[in-house]
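Participant: Below is the sequence, then the predicted model.
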Amino acid sequence: MKKRIIILTSIFSIIFIFGSFSNVYADETKQRVYDYANLLTDDEIARLENLSLQHGKEHEMDFIIVTTQDADGKDIKPFIESFYDDMAFGFDKPHGNTVILALDMSERDVMIAGFYKGKKYLDDQRATLIREKITPSLSSGNYYDAFTQYIELGSEYMEYMPGVNPDSFLLKTWFHLIVAIGLAGVVVGSMAYNSGGKVTVNERTYTGNFQVLERKDIYLTKSVTKRRKPQNNNKGGGGGGVTGGGHSYSGSRGKF
Amino acid sequence: MVIQYKCPNCGDDMAFDSESGKLTCGSCGRTESIEDFSDEYITTRFSVDEAKEYVCNNCGAAVITDADTSATSCSFCGAAVVLADRVSGIHAPDMVIPFQISKDEAIQAFKKWCKNGRLTPTGFMSADRIKSMTGIYVPFWIYDLHSIAKVKARATRVREYTQGNYIYTETKYYDVHRKIDLTFNKVPVDASEKMNDDLMDKLEPYDYGSLKDFKTPYLAGYLAEKYNYDNKELFPRVKSKVSSYIDRYISSTISGYSSVRYEEKRVDTKETKAHYVLLPVWMVYYDYDKQEHTFAMNGVNGKVVGKPPLSMAKVSAWFGSIAAATFIAAKVLTLIVGGDIW
């Protein structure tokens, strides 16, 4: 009887310890929405916090939203970098998996940046896709809708393998239908075409002797054209970097 | 003049047997080697009006043929008959490839071929409506050709390199000359008006190793045609047949360039030799769905050509299953990379 109690207590304590372990970083009270520019109501903030937490748990990711009036006088890029360094976001650990959406109201700049797993699953291309999709809502002032869309799209895109463009036509049903019908048409067509028998002779069947009697390759002249190397300047496109704290990230910025 | 082959044993008509390659008597089974068949048993008879009518030596009935036939069988008594004047003089073939597939083997081979048709209607696949199966020696010219090709071309070689802030594209121009000597051996061209050229081209290749000097007994028991076009008339056709081979060889000798533009291409093809040969073809006439379908079979290797009817049900079944399988595969791939099912 005593033995059984001991076993049961140890099982319960193991469950308790491991259960609390797995919840250590999924901090329900952690703040994820920083509305310094006062764009949202308290109710909206609460709903966004909840949404961010739900999707964050799914992907072990902190979805952070930050709005600022003047970005402390900085450009939005250094602003995001120091914000991440200072706040040490991360679902799994401080300075861990994070995606940040930042709005600078004075410059009307918007930027999305991904750190660690966020960088891997939300690369420059995907960050740009999300930014372009939420820009219309931001421009018309529907900040809550834009932020909701950002979290939901980010969460959805993270289900795709890294490197895959989630909006690619290769993943669309109409494309699959065209490929299926096209391939079947080509295969059945060639079967029907070849049903009457194929020509099975080639030049080798009747070839006696082929030889080159004279061969001349005379160099005449040359012409050289030059053009300027294309410059890699990212205007409102993708582009990450490394923060002052040494954390590398992917990102995409633009105006709204 | 009509030639018939009498069995030295029993006097019945003999015919060529594809298995043994000898003349064989249908009654007593005696076989005779074609090379040593004695002339005394070849009965010949001149008709009164030879140009119009041939008369069977056995039964005296008129042998009814059309103007191009050089071997047939008597429609009354079935005796194998060779029309001698149509295989002599300018119409004498140089060589012949005797049949190596007998009628029974041809029927089996044809049935097997029908079963392999993935789009042929099931009713057709059983191959039980073969209307007739005729062994025909089809006249061909086989050409030995010698070509000299002189080619002038302008070719370029393009190179790209980067220096400083610029990308340079360097194009070098070359004058290219080639003189090429090409020979072709035994390119066959069908010389009969009746035979479909496409069908005959697809029957190739023939095994030239079994070419024999022409002897009339090889024709006994089969149909044979004489040529309608001589080697001069068919020369343009053989030239066009080898021209693609020549073009391909020419371009293979001009390699390593980014672009080649031909300024002059002169191909002078001459006939070094042309042989008139008879090649064995089984013609299969097949009734299906109130239509007659014609097939041809190479009498040496059994290759069958000709368009079988298509079964719409089978076409749609193949189409549907390939399309469905591809669609499912595409969807599975989408799911693997993380996409949604729709």
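Facilitator: Looks like it arrived, so ask away. Numbering: from 1, shown residues only, chains lettered A, B, ... in the order given.

Participant: Now for residue B:116: which residues touch it?
Facilitator: Going by CB atoms under 8 Å, 6 or more residues apart in numbering or on different chains, residue B:116 touches no other residue. Any C-beta I mention is one placed from the backbone N, CA and C, and that applies to glycine too.

Participant: which residues sit against stretch B:203-213?
Facilitator: Residues outside stretch B:203-213 that contact it (CB under 8 Å, 6+ apart) are A:199-201, A:205, B:94-98, B:100, B:186, B:188, B:218, B:277, B:279, B:281, B:296-298, B:300-301, B:303, B:305.

Participant: Would you map the strands across chain A?
Facilitator: Secondary structure of chain A (DSSP state E): strands at A:33-35, A:62-68, A:98-104, A:109-115, A:207-228, A:241-242, A:248-255.

Participant: returning to what we had before: which of the contacts of stretch B:203-213 count as buried?
Facilitator: In terms of neighbour count (16 or more other CB atoms under 10 Å in any protein chain shown), the buried residues within the contacts of stretch B:203-213 are A:201, A:205, B:95-98, B:100, B:186, B:188, B:218, B:277, B:279, B:281, B:296-298, B:300, B:303, B:305.

Participant: now, which of those residues lie within helices?
Facilitator: residue A:205 (DSSP state H).

Participant: tell me the mean pLDDT for stretch A:45-56?
Facilitator: Mean pLDDT, stretch A:45-56: 92.

Participant: same deal with stretch B:274-290?
Facilitator: Averaging pLDDT along stretch B:274-290 yields 89.

Participant: what does stretch B:331-342 give?
Facilitator: Averaged across stretch B:331-342, the pLDDT comes to 83.

Participant: OK, contacts around residue 59?
Facilitator: This is for chain A. Contacts of residue A:59 by CB under 8 Å, 6+ apart are A:97, A:117, A:121, A:155, A:158.

Participant: if you could check chain B rather than the one you did, that'd help
Facilitator: Contacts of residue B:59 by CB under 8 Å, 6+ apart are B:74, B:76-77, B:79.

Participant: and the two most separated of these?
Facilitator: Spanning the widest gap among the contacts of residue B:59 are B:76 and B:79, at 8.7 Å by CB to CB.

Participant: what do the two both touch?
Facilitator: B:56, B:59.

Participant: Pick out whichever of the two has more residues nearby.
Facilitator: residue B:79 (23 against 14; other CB atoms under 10 Å in any protein chain shown).

Participant: my read: that one touches residue B:72, true?
Facilitator: No: in this structure residue B:79 lies outside contact range of residue B:72 using CB atoms under 8 Å: 10.0 Å.

Participant: Tell me where the model's unsure across chain A.
Facilitator: Within chain A, the segments meeting pLDDT under 70 span A:1-28, A:231-238.

Participant: just the helices in it please.
Facilitator: Using DSSP H, helices in chain A cover A:2-22, A:42-59, A:76-87, A:117-121, A:124-139, A:143-157, A:173-194, A:203-206.

Participant: Out of the ones you listed, which gets nearest to residue B:166?
Facilitator: Closest among the helices of chain A, once you apply CB to CB, is helix A:124-139, at 27.6 Å.

Participant: Could you dump the contacts of residue A:59 into a markdown table and include distance to residue A:193 and neighbour count?
Facilitator: A markdown table is the format used below for those (distance: CB to CB, whole Å; neighbours: other CB atoms under 10 Å in any protein chain shown):
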| residue | distance to residue A:193 | neighbour count |
| --- | --- | --- |
| A:97 | 55 | 24 |
| A:117 | 52 | 20 |
| A:121 | 47 | 24 |
| A:155 | 50 | 20 |
| A:158 | 47 | 24 |
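
Participant: Quick check: of these, which lies closest to chain B?
Facilitator: The closest of the contacts of residue A:59 to chain B turns out to be residue A:158 (CB to the nearest CB; 8.4 Å).

Participant: returning to what we had before: please identify which of the strands of chain A is closest to chain B.
Facilitator: Using CB to the nearest CB, those put strand A:207-228 closest to chain B, at 3.6 Å.

Participant: buried ones in that closest one?
Facilitator: By 16+ other CB under 10 Å, the buried positions in strand A:207-228 come out as A:207, A:210.

Participant: Near residue 252, how many other residues are there?
Facilitator: As the question left the chain open, I've gone with chain A. If we define neighbours as other CB under 10 Å, then residue A:252 has 26 of them.

Participant: hmm, I had chain B in mind actually
Facilitator: 9.
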